[in-house]
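Q: test case, fold it:
(one chain, ligands or ions: 1)
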Amino acid sequence: MSASKLEHFQRQVSELLLRDRSLLDAMTKLSQSSASVNRAVAKAVTECGCIELNARQQPFSQAQRLDEIRHLSRSHMSGQLCEHCRDFVRSEMGKTLFYFAALCSLLDIGFEEIVDEEIKKCATLGLFNLT
Ligand SMILES: [Zn+2]
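A: Numbering: from 1, shown residues only. Predicted structure coming up:
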C-alpha cells in the first residue's frame, strides 16, 4: 500500500469521525474489532473447518541459528481460508484498521509515520525483529 493511500484512508476516517470523536470510544472499538479478527479466524477453524490447527512445541532450540529456525518454525495451521471465511476475516481486519486510523487521528499521529517506522525497524533488525 502506498503512503498516499494510508494518508487518504486516515483522512477519510477522520472525516467520518466528525460526530463521534470520543477517544474512549475509539480505544474500546479498536480492542473489540481486534478481538473480532481472532474470533473470525477461530470460526474458520471450529465452524467452517477450512483451516485446521495442530499446535505443538516448535521443533527448535534457543541454541540454533536464526536462519535455521526460520525454516523449522511452523504456523500450526493446515488448509486455506475458504472464500466466505476470507471475506469475513478481511472485513474484521478492515474494521480494525478503521479504528486504528481513528485512534491515530484523535491522537494526531500519522498512520503512515507508524508504517514507515515499522518498515525501517524491519529493515534494520531483520531476523531479530520477531524474537
Ligand atoms: Zn471457511
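
Q: which helix or which strand is home to the residue nearest the centre of the chain?
A: The residue lying closest to the centre of the chain (C-alpha atoms, centre = their mean) is Met93, at 6.8 Å. Under the criterion of DSSP states H and E, Met93 resides in helix 83-106.

Q: now do the strand or helix carrying Lys120, average pLDDT.
A: Element membership for Lys120 (DSSP H and E) is helix 111-125. Average pLDDT, helix 111-125: 91.

Q: same check on stretch 80-94?
A: Averaging pLDDT along stretch 80-94 gives 97.

Q: residues from this protein in reach of the ion?
A: Proximity of the chain to the ion, by C-beta under 5 Å from the ion, involves residues Ala44, Cys48, Cys50, Cys82, Cys85. For the C-beta atoms, the positions are set from N, CA and C on the backbone; glycine is no exception.

Q: summarise which helices and strands the helix holding Met93 is packed against.
A: helix 3-16, helix 23-43, helix 111-125 (3 or more C-beta pairs under 8 Å, 6 or more residues apart in numbering; DSSP states H and E).

Q: Asp67: which of those is closest?
A: Asp67 lies closest to helix 111-125 among the helices and strands packed on helix 83-106, at 14.3 Å (C-beta to C-beta).

Q: how many other residues sit next to Leu6?
A: Leu6 is flanked by 20 other residues according to other C-beta atoms under 10 Å.

Q: quick revisit: does the residue nearest to the centre of the chain touch Ser34 like I think?
A: No. The pair Met93 / Ser34 is not scored as a contact, 9.3 Å apart, by C-beta atoms under 8 Å.
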